[in-house]
Structures are given as structure tokens and as C-alpha cells.
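Undergrad: one predicted model, sequence on top.
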Protein chains: 2
Amino acid sequence: MSRTIPETQRQVQLRRYPEGVPETSDFELAEGPVPQPADGEFLSRTLYLSLDPYLRGVISGRHLYAEKVSTGDVMPGRTVAQVVDSRHPDFAPGDTAVCSNGWQEYGLSTGAIDLRKLDPEAAPVSTGIGILGMPGLTAWAGLLHLGEPMPGETVLVSAACGPVGSMVGQLARIAGCQAVGIAGGPEKCAIVKDEFRFAECIDYKTGDLGDKLKAACPEGIDIYFDNVGGDVLTAAMANLAQGARVVLCGMMSGYNNTGPPPPGPSLIPLVMARATVRGLVVYDHEDKQQDFLRACTRWLQEGRIRYREDIAEGIEEAPDAFCRLMRGKNVGKALVQFA
Amino acid sequence: MSRTIPETQRQVQLRRYPEGVPETSDFELAEGPVPQPADGEFLSRTLYLSLDPYLRGVISGRHLYAEKVSTGDVMPGRTVAQVVDSRHPDFAPGDTAVCSNGWQEYGLSTGAIDLRKLDPEAAPVSTGIGILGMPGLTAWAGLLHLGEPMPGETVLVSAACGPVGSMVGQLARIAGCQAVGIAGGPEKCAIVKDEFRFAECIDYKTGDLGDKLKAACPEGIDIYFDNVGGDVLTAAMANLAQGARVVLCGMMSGYNNTGPPPPGPSLIPLVMARATVRGLVVYDHEDKQQDFLRACTRWLQEGRIRYREDIAEGIEEAPDAFCRLMRGKNVGKALVQFA
């Protein structure tokens, strides 16, 4: 490591709590000190920052675990980073790791469970916070463990062009299922079909979603992997096959809401279909990480699964990239590559 | 059988489709012929008629299976009846059976799967359409097979004074669980606690249901057996324990609605609790009938399970008794005893 460690760094702080959809002016680029590692810690330089919809809930204190972010705090977030100084026995300068530096150039890590060393030979390191990271594990656990797919079944997934949805469809295909996606707009739908090789992709922005679902899933939906909630969930629930499973993974349609959550879909179709609905929290499935990484790293190398990244360049672009994500304007996994 | 079989009989027909809550004037007492059994059929005289909330859906063509009732048709319904003339190999005059005579004094039965001969020595025959009939099997299958109770868990059930709810709580107690009921008004709540021996019963008509649920289920609800839907379901979903199961059995709060079903509860609490929601249709569980009858007949004889009936006397009272049921005015299983 010939690069000198500076004394100060750039970081993005929360300037004010967003109302509804976040705006770039809710964030502020600031200067902060670069900390020094204590015993058992290491300092790493951020290479990639992951932008995820769940951060919207973290800001508002609505996330399951994370503490609410206060104004003036550095925004939190998962990162891929290179170790530059270490007093941790397992990490040496030059190592690449998945850690939680947040929206800043340098961060300290301890030996927490969410640290993972990356092998740059196995896969591009950015995948450690994408298809081979939390989004990938979410798809793996939700589809395979909660959805319990059987070959020949029809798997529907919303936000199909996103990192979770695209992985769900590709895993469904590998498991012998018919993958049908829902995405917004012709560009995303084309990517879902051509690049991620779903059998079909429905544009929810035009026409009647219920009619389109009936046409794309003539025998009903066996598994619906829901990333959005709202009207799309309601339409999917009206087209379930007998014995269907619904996996609730995200509620993108509600993340920008303020106030109490709006009502959900009528549950009567659930009774009609003898369906099962399960809530997915990825943190419950850390025990499946080794199985997931073993299988998916190989499939990635073999080209059996593909991924797409939407990369913004430079820490100063992080606020705008996050706001675009929360308006559904990204195509692929939203990342910020640091200079 | 010394009683002469008459040529005509009394029957209750649907006079007009109810709007919202049914009224007695929606029905009409009429005279009709007594049919003669063909080969493989038997004629039986109705002793007890079962009145059930699902009939409200049947009238409107909203029930899962049953054909819509047309105006002028005899109202359908499950009955306990005595065979008076038979050309069926398994049923002889004098036998008592559960069959589907509907709202009339005499009816024909064929060898369909929903026929069951009753042993009047084993239990009062009226229980064949109550605690030892479809309501009992609903509770059995929903609690034990979909709810999967573990000893020590807290089981919450709504409409706890009704035939399904009271059975759910008593089975929960037998399975080593803590049974908590929800019912409307102090009279029903007292019966649920004193007669059906639930640990607690909440009156949903007074005070804040959420607060009462928190107090009655301080460690959260492990199983919620829902008979009502609506606000009660929403309140229960806000108080689920981790890994909770929600069994959707009925939507009493919506049966009198016309138009499309209203929205359901927000599903976000489901994700938070990693809960599972399953829809229950009792017809799927006919294969469990023998296990259910063997266990519950014995428990009934031993006094380990109890039941309560709300009996109207005479076929002419059937419309009023049904309307009272649909306003929640009954206390116990709603039956009509024929003269």
C-alpha cells in the first residue's frame, strides 16, 4: 500500500429528513477526519458503495434493526473496501472486504459478523454487495427456502430488473420453473427478457395488469415474490394458483410514504387459493450464506446467472444516485464507485 | 317408522336477494311436494337445520363451490335428518344422518361424500352439524394442521363464542396452549371464559383492541385464528410474536358487504414478525375427519370439550334465526329444530 492515508476525508451526511421521495438537498457533502484503527479494527478505503431501498426506512427509523440516522450523521451503507491499515488479525492491508463504511471514503471495521473477505479472482469485487451479496442472498433464501419452488411451476417476481428480482427469476429458471417478471417501462422489460432470460416480462405502467397477468400465467401464479407491495401485490393475489406461496420481500411502493402504512390487499383471494404468505427478512438467513455463495459464484463464472450494475462515479454523486433509485430510475444494482 | 309420509311439505325459499344484512322479508315460507326416492336415494325428515355465515355468500354467488341460489329456490343448508324411506343400500328407515336437506321438512339424499350416519348413543345428534360437524372439523384442521401449535404458545381466536371459535380455544388448551378469545359484549366474553375455559376473553366492542391484545398476550400472539377479518385482523397482525402463524378462516365482518372486497390489513407487520398466513378451506380437510371424530367424540363424552347451541323452534323461525346470526346476535351454534 503505497498510497498515503490522508487525515481528512469526504463524507455524505443527512442534512434533513426527507419528506416522501428524497431529494439531493436532503444530503450534504462534508469533510470529516479519517479515524485510526484500535486493536481488533481495520481501516479501509471505500471502493463501491451500495445504494438500497431499505436505506429509505433507515433514515426514517422504520427499519427493522438499524438505528435511526440523525441529521448531521454520515449516511450508513454497505461497501466494498480495501484494507489500508489493520490491527485486526484476519485482515491485512491490500485485502478487499465487504463492510459497512457508509457514505464516506474511509471507515473502521471490527470483527463483526457482516464482514466478508472477497477473492477478486472469483468474481468482480462489486458483486460482493450485489448479486453475491445481500440482494443475492435475499433472492436465494426467499425463493428457495420460503417459496419452495417445484420444477414446472410459474414464478412471478416484481421489480424484476432490480438486483433481487433479476436473481429470483434466474434462480427460478435454474430450478426448472417458468419465470415471469414485472417491471416499469419497455427498456427494463427488454432487459429482463433478453439479458436475464425470463420467459415473459410485464410492463406494469401500461394496460391492465390483471389482464396481463392472466395472459402470462394462464395456469395461475405458483410463487409470487413481491418486492413492491401496493397495487401490484393486489393484482398478483387475484391470480394465484391453488396452493400458491407469496413471499413478501419489500414494499417499494410504500417506502417513500410518511404516516401510518396504508391498508393492504384483501386477503379473501388467499383463502380461495389456500395460499401461504410469508414475510422475508434476509438477516434470518445468514446460515445459508455458504451454500448460496458456493452455488452462485460458480453459476456466475459459468454465465448461468447474469447481473447488471447502475454505477455512479464519485462520492459526490451518491445523493443523486440514491434519489434516482427511490424514484425507480435505476437500471440494475445501484452502486457508487469511489474515485 | 309409523309416521305417515305426507305429500306436501313446508319449505323456505329465497324471495329476493338481500342487500347487506339479510332481513326476514328476503325469505318466504312456501309449500312444496315431498319427493320420492329413486334407486340409490333416500328420503329423510329434517330434525335440525344448521345456519352458518357461509350461506350469506352462497346466496350472493360468492361462495367457493356452491351454486348461486335463485329467487324461488329452497334455501340450501346442512341438516340432521331421520331416514323415512330408502332405496339406498347403506341407509334404512330410522337411521339418523347428516345430509343437506336445506330449509325444508323433507329431502332426498344420494350416496354423496358429505353424508354421514350418526350414532345417537355417542353424542346428541345435533352435534353432527355443530361441534362434531363442519364447524368442529374447521377448528381442528385450521388450528392443528395450519396453525401447528406448540405447547406454551398463545393462541388468539376471534368470534370465540361461536362454534368454530369456541372449539379452537378448547383444542388449543388441550394442546397445551394459552387460549385468548375475542367476542362481542360481556355476555359472550363471560361464556368464553367460564364455559369454554379460555384463559382470557377480550370484548372488542369497548376500549382499544390493540391495548387489550397487548395486555392479554404480553409475549405476542403465536397463532391467530381469524374468523372475522377487518379491524380485528388488523389489530391482531400488529401484535404477532416472531414466527407467528395466521389462519384465515372467515371474514364475518365482510359477509354482508356488497361490491368488491375492501382492502385488507397492511402486510408490513407480517414481514416484521416473519409470520406465515394461510387460508383455510374446510373442504380440503375431509381426509382428517376420522381422526377428528375419534378424538373429539371422546373429549365431548369426557366433558373436556363443551358446546353451546342457539336453537330456534320450527321451520318458520329459520329466516329470523339466520338474520340474527348475520347480525352477530346468536350465542352458540345457530340451529333450527323442526317440529
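TA: Arrived safely.
Undergrad: show me where the stretch 151-300 of chain A has strands.
TA: A:154-158, A:178-183, A:200-203, A:221-226, A:240-248, A:276-279 (DSSP state E, counting those that start in this stretch).
Undergrad: what's the answer for the stretch 1-150 of chain A, then?
TA: Counting by DSSP E, counting those that start in this stretch, the stretch 1-150 of chain A has these strands, from start to end: A:8-14, A:27-33, A:42-50, A:79-86, A:96-99, A:106-109, A:116-118.
Undergrad: make CSV from these and add mean neighbour count, mean pLDDT and distance to residue B:101 to it.
TA: Placement of C-beta: from N, CA and C, glycine included. Putting the strands of the stretch 1-150 of chain A into CSV (neighbours: other C-beta atoms under 10 Å in any protein chain shown; pLDDT from 0 to 100; distance: least, C-beta to C-beta, whole Å) gives the following:
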stretch, mean neighbour count, mean pLDDT, distance to residue B:101
strand A:8-14, 20, 97, 70
strand A:27-33, 14, 97, 72
strand A:42-50, 24, 97, 66
strand A:79-86, 23, 97, 72
strand A:96-99, 23, 96, 69
strand A:106-109, 22, 96, 74
strand A:116-118, 18, 93, 68
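Undergrad: so where is chain A shaky, pLDDT-wise?
TA: A:1-3, A:62-66, A:111-113, A:252-258 (pLDDT under 70).
Undergrad: got the residues of it near chain B?
TA: Taking C-beta under 8 Å from any C-beta of the partner chain as the contact definition, chain A meets chain B at A:64, A:229, A:233-234, A:248-249, A:251, A:254, A:261-268, A:270-281, A:284.
Undergrad: just the buried subset of those residues, please.
TA: The neighbour-count test (16 or more other C-beta atoms under 10 Å in any protein chain shown) marks A:229, A:233-234, A:248-249, A:251, A:254, A:264-268, A:270-271, A:273-281 as buried among the residues of chain A next to chain B.
Undergrad: contact partners for residue A:232?
TA: Under the criterion of C-beta atoms under 8 Å, 6 or more residues apart in numbering or on different chains, the contact list for residue A:232 reads A:158, A:182, A:204, A:209, A:226, A:253.
Undergrad: now with 10 Å?
TA: For residue A:232, the contacting residues are A:156, A:158-159, A:182, A:184, A:202, A:204, A:209, A:213, A:224, A:226, A:252-253, A:265, taking C-beta atoms under 10 Å, 6 or more residues apart in numbering or on different chains as the criterion.
Undergrad: before we move on, what about residue A:324?
TA: A:24, A:51, A:310, A:312, A:317, A:330-331, A:334.
Undergrad: let's go with 7 Å and repeat that
TA: Remark: with contacts taken as C-beta atoms under 7 Å, 6 or more residues apart in numbering or on different chains, residue A:324 is in contact with residue A:330.
Undergrad: downstream neighbour of the helix or strand harbouring it in the secondary structure list?
TA: When elements are defined using DSSP states H and E, residue A:324 is found to belong to helix A:318-326. Note on helix A:318-326: by DSSP H and E, the next helix or strand toward the C-terminus is strand A:333-337.
Undergrad: neighbouring strands - and their directions - for that following strand?
TA: If you go by DSSP bridges, strand A:333-337 pairs up with strand A:42-50 (antiparallel), strand A:309-313 (parallel).
Undergrad: for residue B:304, which of those is the nearest?
TA: Distance to residue B:304, taken as C-beta to C-beta, is lowest for strand A:42-50 among the strands paired with strand A:333-337, at 57.0 Å.
Undergrad: okay, the angle between that closest one and strand A:79-86?
TA: 170 degrees (axes from the mean of the first three to the mean of the last three C-alpha atoms, to 10 degrees).
Undergrad: contact partners of strand A:42-50?
TA: Counting by C-beta under 7 Å, 6+ apart, the neighbours of strand A:42-50 from elsewhere in the structure are A:35, A:37, A:77-88, A:91, A:97, A:99, A:101, A:103-109, A:125-126, A:129, A:318, A:335-338.
Undergrad: could you do stretch A:28-37 as well?
TA: Counting by C-beta under 7 Å, 6+ apart, residues outside stretch A:28-37 touching it are A:5-13, A:15, A:43, A:85-87, A:104, A:106, A:108, A:316.
Undergrad: please redo it, this time with the cut-off set to 10 Å
TA: With C-beta under 10 Å, 6+ apart, stretch A:28-37 has contacts from A:5-16, A:41, A:43-45, A:71-72, A:74-75, A:83-88, A:91, A:103-110, A:315-316, A:318-319.
Undergrad: what is the end-to-end distance of it?
TA: From its first residue to its last, stretch A:28-37 covers 26 Å (C-alpha to C-alpha, to the nearest Å).
Undergrad: so what's residue A:265 closest to, chain neighbours aside?
TA: Ranked by C-beta to C-beta, 6 or more residues apart in numbering or on different chains and with sequence neighbours excluded, the top spatial neighbour of residue A:265 is residue A:234, at 4.0 Å.
Undergrad: my guess is the one you found contacts residue A:264, does it?
TA: Yes: at 8.1 Å, residue A:234 and residue A:264 qualify as touching, with contact defined as C-beta atoms under 10 Å.
Undergrad: overlap in contacts, these two.
TA: Taking C-beta under 10 Å, 6+ apart as the contact rule, residue A:234 and residue A:264 both touch B:263-264.
Undergrad: returning to what we had before: in TSV, list the contacts of residue A:232 along with distance to residue A:298.
TA: Converted to TSV, the contacts of residue A:232 look like this (distance: C-beta to C-beta, whole Å):
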residue	distance to residue A:298
A:156	27
A:158	27
A:159	26
A:182	29
A:184	32
A:202	31
A:204	33
A:209	36
A:213	33
A:224	28
A:226	28
A:252	30
A:253	35
A:265	38
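Undergrad: just the buried residues out of those residues, in ChimeraX syntax.
TA: Selecting in ChimeraX just the buried members of those, where the criterion is 16+ other C-beta under 10 Å, is done with this command:
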select /A:156,158,159,182,184,202,204,209,213,224,226,252,253,265
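Undergrad: quick one: contacts for the residue lying closest to residue A:193 once chain neighbours are set aside?
TA: Closest residue to residue A:193 apart from its sequence neighbours, by C-beta to C-beta, 6+ apart: residue A:201 at 5.0 Å. Shown in contact with residue A:201 (C-beta under 10 Å, 6+ apart): A:157, A:160-161, A:169, A:179-183, A:186, A:188-194, A:216.
Undergrad: what about burial for those residues, which qualify?
TA: Neighbour-count burial (16+ other C-beta under 10 Å) applied to those gives A:157, A:160-161, A:169, A:179-183, A:188-189, A:191-193, A:216.
Undergrad: which of the residues you listed sits closest to chain B?
TA: Using C-beta to the nearest C-beta, residue A:157 is the member of the buried ones among the contacts of residue A:201 that sits closest to chain B, with 16.3 Å.
Undergrad: is it true that that closest one touches residue A:233?
TA: No: Residue A:157 sits out of contact with residue A:233 when judged by C-beta under 10 Å, with a separation of 12.0 Å.
Undergrad: so what's the residue in the stretch 101-250 of chain A that chain B sits nearest to up against?
TA: Here the stretch 101-250 of chain A gets closest to chain B at one residue, residue A:248, 5.1 Å apart by C-beta to the nearest C-beta. The contact partners of residue A:248, by C-beta under 10 Å, 6+ apart, come to A:142, A:146, A:224-227, A:229, A:233, A:264, A:277-281, B:267-268, B:270-271, B:274-275, B:277.
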